[in-house]
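>>> My questions are about this predicted structure, shown below with the sequence.
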Amino acid sequence: MSPTLSRQVLAEFLGTALLVVVAVGSAVAGLDVLGPTGVALAFGFVLLALAYAIGPVSGCHVNPAVTLGVLLSRGMTAAEAVAYWIAQVAGAVAGAALLWLLTGDVGGVTDQTGALGANDWGDTETAGGAFVVESVLTFVLVLVVLLVTARSAAPGFAGLAIGLTLTAVHLVAIPLTGTSVNPARSIGPALFAGGDPLAHVWLFVLAPLVGAVVAVAAARALSGPAPVLVDGTAAGSADGTAAPAAAAADATGADVPSAAGQRTPGREDAGRRPV
C-alpha cells in the first residue's frame with residue numbers, strides 16, 4: 001500500500017469512527033433531549049465538518065455506498081475501493097465499541113435508543129418498506145454527491161449540499177428505520193446490539209448499495225459520462241491533462257475543494273478524483 005493510500009485509508013477509518021461516535025452517539029445519549037430533528041442535524045453537521053477536514057486527504061466518503069458510487073464512476077480502482085470499505089467498516093466498529101463502553105459499566109450513560117443506535121424495522125413498516133426507504137434515500141444521497149462533485153459544479157459548496165442532504169434523509173427515515181444510507185454505520189452498532197438489529201443488518205447493507213448503483217446510472221444520464229482517467233490524464237481533455245480535482249468527497253461522501261485547488265490527480269489520488 002502506497003503512503004498516499006495509507007493516509008487515505010486512515011482518514012476513512014477515523015472519519016467513519018467519528019461519524020458513529022458523534023452522530024449515532026447523539027441518538028444514543030441525547031435522543032430524549034434532541035429528538036429526531038436534533039439527531040438529523042447532528043448527522044448533517046458532522047458530515048459537513050468531516051468533508052472539509054478530511055476531504056482533501058481521502059475524499060471523505062466514510063460510507064461504502066458513496067465509495068461504490070465513486071468506483072462505478074471510475075473515480076478509483078477496485079483495490080482502492082476495497083481498502084476504503086475495510087477502513088470504513090473497521091472505523092464504524094471502533095466507534096460503536098466506544099459507544100458500547102460509554103453505555104456500559106464504564107461510562108454509565110443511558111442508551112436512549114435501546115439498541116446502541118442500530119437500524120431496524122418492524123414497528124412502523126415491513127422489511128420491504130424498509131428496503132425501499134433505504135435504497136431510495138441512499139439513491140438521493142449518492143446522486144447529490146456525484147452531481148455536486150462534478151467538475152462543472154460550483155466549487156466550495158459541495159460539502160454544504162451533501163451535509164444538508166444527509167440531514168434531510170435522516171428527517172425522513174429516523175422514524176422508520178433509524179436511517180442507515182450507510183452500510184458501515186449500520187454494521188458497527190448492530191454487532192454490539194445483537195438480536196434483531198444484527199439479524200436484519202443485511203438489509204441495511206444491501207439496500208444502500210442498490211441505491212448507489214441506481215444513482216450512478218442517473219448521474220451519468222444527467223451529466224454525461226465521467227472522465228476516464230488513464231495514467232493521471234483525462235481522456236478527451238483539450239490539453240491532454242486531467243482536470244483539477246474538484247473536491248474531496250464527504251461522509252456520507254461529500255466533495256469539497258481541495259486545499260491545493262489546482263492539483264492534478266494522479267494514480268495515487270484515488271478517492272479525490274472527480275467523479
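Perfect, I can see it now. Residues are numbered from 1 along each chain as shown.
>>> show me where pLDDT drops low in this structure?
151-155, 224-275 (pLDDT under 70).
>>> Scan it for its longest helix.
As assigned by DSSP state H, the longest helix anywhere in the chain is helix 25-58.
>>> Against which helices or strands is the helix or strand that comes right after it packed?
Using DSSP states H and E, the next helix or strand after helix 25-58 towards the C-terminus is helix 64-72. Under the contact criterion of 3 or more C-beta pairs under 8 Å, 6 or more residues apart in numbering; DSSP states H and E, helix 64-72 touches helix 78-102, helix 127-148, helix 183-193, helix 201-223. Every C-beta, even on glycine, is put in place using the N, C-alpha and C of the backbone.
>>> Tell me the helices and strands packed up against the longest one.
It refers to helix 78-102. The elements that helix 78-102 packs onto, with contact taken as 3+ C-beta pairs under 8 Å, 6+ apart, are helix 3-18, helix 25-58, helix 64-72, helix 183-193.
>>> quick one, it and helix 183-193 angle?
In terms of direction (axes from the mean of the first three to the mean of the last three C-alpha atoms, to 10 degrees), helix 78-102 departs from helix 183-193 by 40 degrees.
>>> Which positions in helix 78-102 come out as buried?
Buried residues in helix 78-102, counted by 16 or more other C-beta atoms under 10 Å: 80-81, 83-85, 87-100, 102.
>>> Can you list phi and psi of Gly122 for me?
Here is the backbone geometry of Gly122 (degrees, to the nearest 10): phi 130, psi -40.
>>> hang on, the earlier thing: of all the helices and strands packed on helix 78-102, which one comes closest to Thr149?
Smallest distance to Thr149 across the helices and strands packed on helix 78-102 (C-beta to C-beta): 8.8 Å, for helix 64-72.
>>> need the helices and strands packed on helix 64-72 in JSON lines with distance to Val109, can you?
Output for the helices and strands packed on helix 64-72, formatted as JSON lines (distance: least, C-beta to C-beta, whole Å):
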{"stretch": "helix 78-102", "distance to Val109": "5"}
{"stretch": "helix 127-148", "distance to Val109": "28"}
{"stretch": "helix 183-193", "distance to Val109": "14"}
{"stretch": "helix 201-223", "distance to Val109": "23"}
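>>> To Phe13, which of those helices lies closest?
helix 78-102 (4.1 Å).
>>> Show the contacting residues for the closest residue to Asp111 other than its chain neighbours.
Computed as C-beta to C-beta, 6 or more residues apart in numbering, the closest residue to Asp111 that is not its neighbour in sequence is Thr103, at 4.4 Å. Residues counted as contacts of Thr103 (C-beta atoms under 8 Å, 6 or more residues apart in numbering) are 28, 109-111, 116.
>>> and if we set it to 7 Å?
Counting by C-beta atoms under 7 Å, 6 or more residues apart in numbering, Thr103 touches 28, 109, 111, 116.
>>> which of the residues you listed are buried?
Among these, the ones that count as buried by 16+ other C-beta under 10 Å are 28, 111, 116.
>>> Correct me if wrong: the first one contacts Leu98.
Just to be clear, that refers to Val28. No: in terms of C-beta atoms under 7 Å, Val28 does not count as a neighbour of Leu98; the distance is 10.5 Å.
>>> neighbours around Leu191, how many?
When counting by other C-beta atoms under 10 Å, one arrives at 19 neighbours for Leu191.
>>> same check, this time on Leu206
Using other C-beta under 10 Å, Leu206 has 14 other residues around it.
>>> before we move on, the earlier item: go through the contacts of Thr103 and say which is closest to Ala161.
For the contacts of Thr103, the residue nearest Ala161 by C-beta to C-beta is Val28; the value is 27.5 Å.
>>> so what's the closest one closest to, chain neighbours aside?
Val28 sits nearest to Gly117 (C-beta to C-beta, 6+ apart), 4.9 Å away.
>>> That neighbour and Ser2: what is the separation?
Between Gly117 and Ser2 the computed distance is 35 Å (C-beta to C-beta, to the nearest Å).
>>> can you check Ala27 too?
As judged by C-beta to C-beta, Ala27 and Ser2 stand 37 Å apart.
>>> Looking at these two now, which is surrounded by more residues?
A side-by-side neighbour count of Ala27 and Ser2, using other C-beta under 10 Å, places Ala27 first with 28 against 11.
>>> The more buried one reaches Leu41, doesn't it?
No: under the criterion of C-beta under 7 Å, Ala27 is not in contact with Leu41, lying 11.6 Å apart.
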